[in-house]
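Peer 1: Sharing a sequence plus its predicted fold:
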Amino acid sequence: MDRATGTLVTIIAVLAFLSVLLLLPFVQYVLLAILLAYVLRPLQGPLERRTTPGVAAFALTILAVAVFVVPISVIAALVAEDAVAFAGDVDPSADQLQEVERLIADWTGYQVDLAALAGEIAERIGDVLLGQTTQIFAQITHTLIGLGTALFVLYYFLKDGHRLVAWLREMTPLPPDLQDRFFERIDAVMRAVLVGHVFIAFVQGLLAGLGLILTGVPNAAFWTVVMMILALVPLVGAFMIWGPAVVYLYAIGDTYLAGALFLYSAIIVSISDDYLRPVVVDRYARINPAVIILGVLGGAYAFGIMGLFYGPVVLGALLAAVEVLDEYWDRQASPFETS
């Protein structure tokens, strides 16, 4: 490497490092914009043929706000209202709390004062919230700025995304057919994760929530949203909610409803996860369950909530890159093998 090349590489490395530092505070929102752009990109082409790329991208950005942001905001408000109602239901003198205490004592032989425990937890939460008021407002401001950034980035991903892909292809020193295979593999992985895990998690949470509603479990809307989120994480799933709900129904004396909820959740909800997920995922890309588990859990630690989606995608892209590299090496070695 000559002096000029070394200097240029050093400058690029320093600027790349500084660019990463600039993006880190908003990495969640950039990842959100990429995800929305991937979902909405199939609509960009037909709209461009009727209008202009800018108008089409702007219309799809407004559509994203209407379809994703507004409903999520409404659901969040309803969930918050339901959570407050749930907290209000925790009455230290309530019969249901005493029934749960009696049930724990019968099963374990230990007396547990749930009323005192609930009061202590509520007091600590209140102290934390009062002490973190400034941080809470700062986080709200950061979230609003981040959402605005996500919409801004989404617009340009939709409008100029094809240029970014063309630039990546130009910078990749691989034959065009291997590039096509690599990008097709990544597309298959993203589609598999999106459809096979996000959609099925939504369906599983919805089915489990329907069981809570039919059996009269309080605050069913709140727990339905929680189950949709938990269903994204393998080895956890909606059972973390409907399991305790069965215990709750049994504790308050609704034995038949508890049995009905258990059978419904164990059969219907489990089938939606055990059968629909492999069918949908295998249709687009064969991903080993171990890859999904590691990707989801590791992605959540690395990228937060967006890592639940991008974790498996990163590992799937790594596998695709290794496969393409192996084929490229085979091609490079073939002239020597045949000579």
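Peer 2: Structure received. Numbering: from 1, shown residues only.

Peer 1: Could you check which helix or strand contains Gln312?
Peer 2: For residue 312 the amino acid is Pro, not Gln. helix 307-338 (DSSP states H and E).

Peer 1: List the buried residues in that helix.
Peer 2: Judged by neighbour count using 16 or more other C-beta atoms under 10 Å, the buried positions of helix 307-338 are 307-313, 315-317, 320, 324, 327. Any C-beta I mention is one placed from the backbone N, CA and C, and that applies to glycine too.

Peer 1: Go through these and say which is closest to Ile12.
Peer 2: Within those, proximity to Ile12 (C-beta to C-beta) peaks at Ala317, which comes in at 22.5 Å.

Peer 1: now, the most widely separated pair of the buried residues of helix 307-338?
Peer 2: Every pair of the buried residues of helix 307-338 checked by C-beta to C-beta; the farthest is Leu308 and Glu327, at 30.8 Å.

Peer 1: Same list (the buried residues of helix 307-338) but as TSV, adding pLDDT and distance to Ile293.
Peer 2: Shown next, in TSV, are the buried residues of helix 307-338 (pLDDT from 0 to 100; distance: C-beta to C-beta, whole Å):
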residue	pLDDT	distance to Ile293
Gly307	80	13
Leu308	75	12
Phe309	79	14
Tyr310	83	15
Gly311	83	10
Pro312	80	9
Val313	83	14
Leu315	84	10
Gly316	81	13
Ala317	83	17
Ala320	82	19
Val324	84	24
Glu327	82	27
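
Peer 1: and which of the residues you listed is nearest to Leu257?
Peer 2: Nearest member of these to Leu257, counting by C-beta to C-beta, is Leu308, at 32.1 Å.

Peer 1: and the closest residue to the closest one other than its chain neighbours, what element?
Peer 2: Nearest non-adjacent residue to Leu308, counting by C-beta to C-beta, 6 or more residues apart in numbering: Leu232, 4.8 Å away. Following DSSP H and E, there is no helix or strand that holds Leu232.

Peer 1: Would you mind measuring from Leu232 to Arg41?
Peer 2: 23 Å (C-beta to C-beta, to the nearest Å).

Peer 1: what's the answer for Phe26, then?
Peer 2: For Phe26, the distance to Arg41 equals 21 Å [C-beta to C-beta].

Peer 1: between those two, which one's more packed in?
Peer 2: Neighbours per residue (other C-beta atoms under 10 Å) separate Phe26 from Arg41, with Phe26 holding more: 17 against 14.

Peer 1: Provide the secondary structure category for Ile287.
Peer 2: Following DSSP: H, G, I helix; E, B strand; the rest coil, we place Ile287 in the coil state.

Peer 1: give me the number of residues near it?
Peer 2: Neighbours of Ile287 under the rule other C-beta under 10 Å: 22.

Peer 1: Could you verify my assumption that it touches Ala192?
Peer 2: Yes - between Ile287 and Ala192 there is a contact under C-beta atoms under 8 Å: 5.9 Å.

Peer 1: Tell me if I'm right that the residue nearest to Leu308 and Gly295 touch.
Peer 2: No - counting by C-beta under 8 Å, Leu232 stays clear of Gly295, with 11.4 Å between them.

Peer 1: check contacts around Leu31.
Peer 2: The contact partners of Leu31, by C-beta atoms under 8 Å, 6 or more residues apart in numbering, come to 303, 306, 310.

Peer 1: same thing but at 10 Å, please
Peer 2: If you count contacts by C-beta atoms under 10 Å, 6 or more residues apart in numbering, Leu31 has them with 150, 153, 299, 303-307, 309-310, 313.

Peer 1: ditto for Leu168
Peer 2: 179, 183.

Peer 1: in the helix or strand where it lies, what's buried?
Peer 2: Secondary structure assignment for Leu168, by DSSP H and E: helix 133-171. Residues of helix 133-171 classed as buried: 146-147, 149-151, 153-159, 161 (neighbour count, 16+ other C-beta under 10 Å).

Peer 1: Over to stretch 250-267?
Peer 2: Buried positions in stretch 250-267, judged by neighbour count with 16+ other C-beta under 10 Å: 250-252, 254, 257-258, 260-262, 264-265.

Peer 1: which residues does the residue nearest to Val189 when sequence neighbours are not counted contact?
Peer 2: The shortest distance from Val189 to any non-neighbouring residue, by C-beta to C-beta, 6+ apart, is to Gly316 (3.3 Å). Shown in contact with Gly316 (C-beta under 10 Å, 6+ apart): 185-186, 188-190, 192-193, 285, 287-288, 291-292, 295.

Peer 1: Include pLDDT, distance to Gly6 and secondary structure when you put the residues you listed into JSON lines, please.
Peer 2: Output for those, formatted as JSON lines (pLDDT from 0 to 100; distance: C-beta to C-beta, whole Å; DSSP: H, G, I helix; E, B strand; the rest coil):
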{"residue": "Arg185", "pLDDT": "81", "distance to Gly6": "34", "secondary structure": "helix"}
{"residue": "Ile186", "pLDDT": "83", "distance to Gly6": "32", "secondary structure": "helix"}
{"residue": "Ala188", "pLDDT": "82", "distance to Gly6": "39", "secondary structure": "helix"}
{"residue": "Val189", "pLDDT": "80", "distance to Gly6": "36", "secondary structure": "helix"}
{"residue": "Met190", "pLDDT": "82", "distance to Gly6": "37", "secondary structure": "helix"}
{"residue": "Ala192", "pLDDT": "78", "distance to Gly6": "42", "secondary structure": "helix"}
{"residue": "Val193", "pLDDT": "77", "distance to Gly6": "40", "secondary structure": "helix"}
{"residue": "Ala285", "pLDDT": "63", "distance to Gly6": "40", "secondary structure": "coil"}
{"residue": "Ile287", "pLDDT": "71", "distance to Gly6": "41", "secondary structure": "coil"}
{"residue": "Asn288", "pLDDT": "72", "distance to Gly6": "41", "secondary structure": "coil"}
{"residue": "Val291", "pLDDT": "76", "distance to Gly6": "38", "secondary structure": "helix"}
{"residue": "Ile292", "pLDDT": "73", "distance to Gly6": "42", "secondary structure": "helix"}
{"residue": "Gly295", "pLDDT": "80", "distance to Gly6": "36", "secondary structure": "helix"}
